[in-house]
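Student: coords below, sequence missing:
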Ligand SMILES: C[S@@+](CC[C@H](N)C(=O)[O-])C[C@H]1O[C@@H](n2cnc3c(N)ncnc32)[C@H](O)[C@@H]1O
């Protein structure tokens with residue numbers, strides 16, 4: 001493989017440095033704009049190359065030593081080699097470049113996390129031959145890891161216990177391990193591709209997992225309606241208190257991974273939906289629906305995962321809030337019915353990385369919804385959907401909520417107002 005010297009002049013949307021060799025673009029993960037690096041070309045595409053840093057010849061003033069021992073191999077983080085100010089500037093620049101495609105050229109606000117490491121309340125690791133790890137970025141190469149610095153110490157201890165449990169039992173279809181923190185409780189979920197009564201009959205050394213809420217799940221991925229979930233010590237309720245609100249988490253349901261930033265995001269949405277008639281689409285376990293309902297005229301929560309919908313119903317019941325209507329179904333099917341039933345002022349959209357179904361956008365466009373609050377963890381689909389809404393809606397505000405420090409991911413909220 002050949003070595004080249006490259007000046008990095010830009011940043012890609014995936015957080016890689018961008019340079020040029022003989023006029024052709026080269027993406028260099030873990031290099032910063034303003035740096036000169038010696039790289040090895042590891043991939044040649046038809047109109048781009050990918051390089052790996054061998055040596056930083058001229059470092060950026062923002063470069064710092066990454067704390068994670070796996071940083072060079074693991075595909076999880078891509079901003080541990082710069083300080084937090086640089087990460088903020090780079091993320092704003094990435095988002096501005098992307099959202100320009102949807103016609104927005106205004107300012108982008110940034111709400112930072114309180115921590116850069118140890119902020120995640122949920123981590124997922126893959127299992128390969130009883131080993132726990134991640135896949136290398138854009139590769140099927142497995143990287144075994146002992147700890148992930150994005151989670152706290154206790155969660156990493158849980159990971160070590162999960163690893164030992166897997167080693168002792170030699171399960172045949174173990175796929176992933178999830179560790180989730182809910183206040184002082186830690187839950188471990190072992191996800192299996194399919195059931196295997198033989199290897200799951202006699203759990204060895206279950207004692208090492210006594211202090212955790214332990215679950216076995218069977219299916220393709222955890223947050224699916226088709227996945228079967230079994231609590232081993234299900235007496236643990238995974239309850240928590242948010243200010244004076246009593247809440248509970250279903251381990252198989254979605255939850256925002258960074259508590260501090262999620263709180264800021266929810267406060268922002270609650271403020272915008274005061275006294276409004278609201279639809280909260282893709283509503284998960286209903287926590288945001290509940291918070292919105294406290295100040296809104298009423299709110300519909302629409303969620304298709306049954307486990308999450310049931311939790312949303314519990315939250316409504318416990319807190320005796322009857323301004324909420326939770327509907328279990330796909331937003332693309334349910335939203336047209338809701339629009340026939342009630343007049344809606346504001347719709348909150350918080351879809352998965354795939355973005356919104358076309359029917360959802362068409363329904364919004366056909367109806368006189370004044371405001372859209374679009375929360376997205378994937379600015380590629382966000383930009384696509386904003387483009388579709390562009391004839392009828394104007395983007396008035398864009399904010400990055402730094403839910404995932406040190407990684408290229410970001411939670412973006414775009415506020416749209418109906419034109420005319
Ligand atoms: C990014 S999460 C947002 C959850 C929630 N807003 C929160 O803050 O916890 C997306 C949610 O949308 C749900 N979902 C995905 N596709 C859906 C669809 N077509 N209709 C309804 N819900 C969907 C997922 O199950 C998941 O709970």
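Tutor: Okay, I see it. Remember, predicted model here, so these are calculated numbers, not experimental data.
Student: what is the neighbour count of residue 45?
Tutor: Neighbourhood size, residue 45 [other Cβ atoms under 10 Å]: 10. All C-beta spots, glycine's among them, are computed from the backbone N, C-alpha and C.
Student: helices or strands up against the helix or strand encompassing residue 199?
Tutor: In the assignment (DSSP states H and E), residue 199 maps to helix 197-200. Counting contacts by 3 or more Cβ pairs under 8 Å, 6 or more residues apart in numbering; DSSP states H and E, helix 197-200 packs against no other helix or strand.
Student: tell me the average confidence for that helix?
Tutor: When pLDDT is averaged over helix 197-200, the result is 75.
Student: quick one: residues in contact with the helix or strand just after that helix.
Tutor: As assigned by DSSP H and E, the chain's next helix or strand after helix 197-200 is strand 213-218. With Cβ atoms under 8 Å, 6 or more residues apart in numbering as the test, strand 213-218 has contacts from 185-195, 200, 206, 227-234, 236, 238, 251-252.
Student: now the buried members of those residues.
Tutor: 185-192, 200, 227, 229, 231, 236, 238, 251-252 (16 or more other Cβ atoms under 10 Å).
Student: now the two most distant members of those.
Tutor: Among those, the pair separated by the greatest distance (Cβ to Cβ) is 185 and 200, at 23.6 Å.
Student: could you find the closest non-adjacent residue to the residue of the chain found nearest the ligand?
Tutor: With Cβ to the nearest ligand atom as the measure, residue 284 is the residue of the chain nearest to the ligand, at 2.8 Å. Using Cβ to Cβ, 6 or more residues apart in numbering and skipping residues adjacent in sequence, the residue nearest residue 284 is residue 254, 4.5 Å away.
Student: count the residues that sit near the one you found.
Tutor: Under the neighbour criterion other Cβ under 10 Å, residue 254 is assigned a count of 20.
Student: what's in contact with the helix or strand of the chain with the lowest mean pLDDT?
Tutor: Lowest by mean pLDDT, DSSP states H and E among the helices and strands of the chain is helix 197-200, with a mean of 75. For helix 197-200, the surrounding residues in contact (Cβ under 8 Å, 6+ apart) are 169, 170, 171, 172, 192, 216.
Student: so which of those residues are in helices?
Tutor: Judged by DSSP state H, the subset of the contacts of helix 197-200 located in helices is residue 169.
Student: and the contacts of helix 197-200, which of them are buried?
Tutor: Buried among the contacts of helix 197-200 (16+ other Cβ under 10 Å): 169, 171, 192, 216.
Student: can you list the strands that the one helix or strand residue 133 maps to pairs with?
Tutor: Mapping residue 133 onto the secondary structure by DSSP H and E places it in strand 131-135. Paired with strand 131-135 in the same sheet, following DSSP bridges, are strand 122-128 (antiparallel), strand 142-144 (antiparallel).
Student: with respect to residue 136, which of the ones you listed lies nearest?
Tutor: Using Cβ to Cβ, the nearest of these to residue 136 is strand 142-144, at 5.6 Å.
Student: got the phi/psi numbers for residue 154?
Tutor: phi -60, psi -40 (degrees, to the nearest 10).
Student: tally of neighbours for residue 320?
Tutor: Based on other Cβ under 10 Å, the number of other residues close to residue 320 is 6.
Student: just say helix, strand or coil for it.
Tutor: For residue 320, the assignment made with DSSP: H, G, I helix; E, B strand; the rest coil gives coil.
Student: ok, which residues in the stretch 251-400 of the chain are in contact with the ligand?
Tutor: Residues of the stretch 251-400 of the chain lying near the ligand by Cβ under 6 Å from any ligand atom: 254-256, 282-284, 288, 302-305, 308, 330-332, 350-352, 357.
Student: could you rerun that using 5 Å?
Tutor: 254, 282, 284, 288, 303, 304, 305, 330, 331, 350, 352 (Cβ under 5 Å from any ligand atom).
Student: out of the residues you listed, which end up buried?
Tutor: Buried among these (16+ other Cβ under 10 Å): 254, 282, 284, 288, 303, 304, 305, 330, 331, 350.
Student: dump the residue contacts of the residue lying closest to the fifth one once chain neighbours are set aside.
Tutor: Put plainly, it is residue 303. Leaving out its chain neighbours, the residue that sits closest to residue 303 by Cβ to Cβ, 6+ apart is residue 283, at 4.5 Å. With contact set as Cβ under 8 Å, 6+ apart, residue 283 has these partners: 289, 301, 302, 303, 308, 312, 326, 350.
Student: can you pick the most crowded of the residues you listed?
Tutor: Scoring these on neighbours with other Cβ under 10 Å, the highest-scoring entry is residue 301 at 31 neighbours.
Student: my guess is that one contacts residue 328, does it?
Tutor: No. Using Cβ atoms under 8 Å as the test, residue 301 is too far from residue 328 to be in contact (9.4 Å).
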